[in-house]
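[1] just to be clear, the model below is a prediction. Sequence and coordinates:
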Amino acid sequence: QVQLVESGGGLVQAGGSLRLSCAASGSIFRIVAMGWYRQAPGKQREEVALILNNGRPNYADSVKGRFTISRDNAENTAYLQMNSLKPEGSAVYYCHAAGPGAEDDYWGEGTQVTDTA
């Protein structure tokens, strides 16, 4: 089992920046990728960014050039640096970790990001 705890959410002005953190614990060796998803009220959860163990990132088109995902393997922590936030970025942001098996599907409880525009 892997446990994920997000932090760093809060209120941010339009165009502002915020950095989210996701601390992983437990069976860290099972993780092959970590990512961030978000879910706004009345909408489906969507993938925002993903980073593989080799450090290769992947981004949703809507955040390319504004968001940066990174990992600190020594600290077992993933980050999401969000710049130039837009009102549509207001959502609950969830950390996700995936492993080699179908059962290796782990989620954090989420952290709220609210654009005060």
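    Received it, and whenever you're ready, just let me know what you need.

[2] didn't residue 95 look like it was pressed against residue 4?
    Yes. The pair residue 95 / residue 4 is scored as a contact, 4.6 Å apart, by C-beta atoms under 8 Å. For glycine as for every other residue, the C-beta is placed from the backbone atoms N, C-alpha and C.

[3] which neighbours do these two share?
    Common neighbours of residue 95 and residue 4, using C-beta atoms under 8 Å, 6 or more residues apart in numbering, are 22, 107-108.

[4] most neighbours out of those residues, which is it?
    residue 22 (26 neighbours; other C-beta atoms under 10 Å).

[5] contacting residues around the residue sitting nearest the centre point of the chain?
    Among the residues of the chain, the one closest to the centroid is residue 36, at 2.4 Å (C-alpha atoms, centre = their mean). By C-beta under 8 Å, 6+ apart, the contact list for residue 36 reads 20, 22, 47-50, 69, 78, 80, 93-96.

[6] could you look up the SS state of it?
    strand (DSSP: H, G, I helix; E, B strand; the rest coil).

[7] beta partners of it?
    residue 49, residue 95 (DSSP bridges).

[8] now do the same for residue 7: its pLDDT.
    Looking at residue 7, its pLDDT reads 95.
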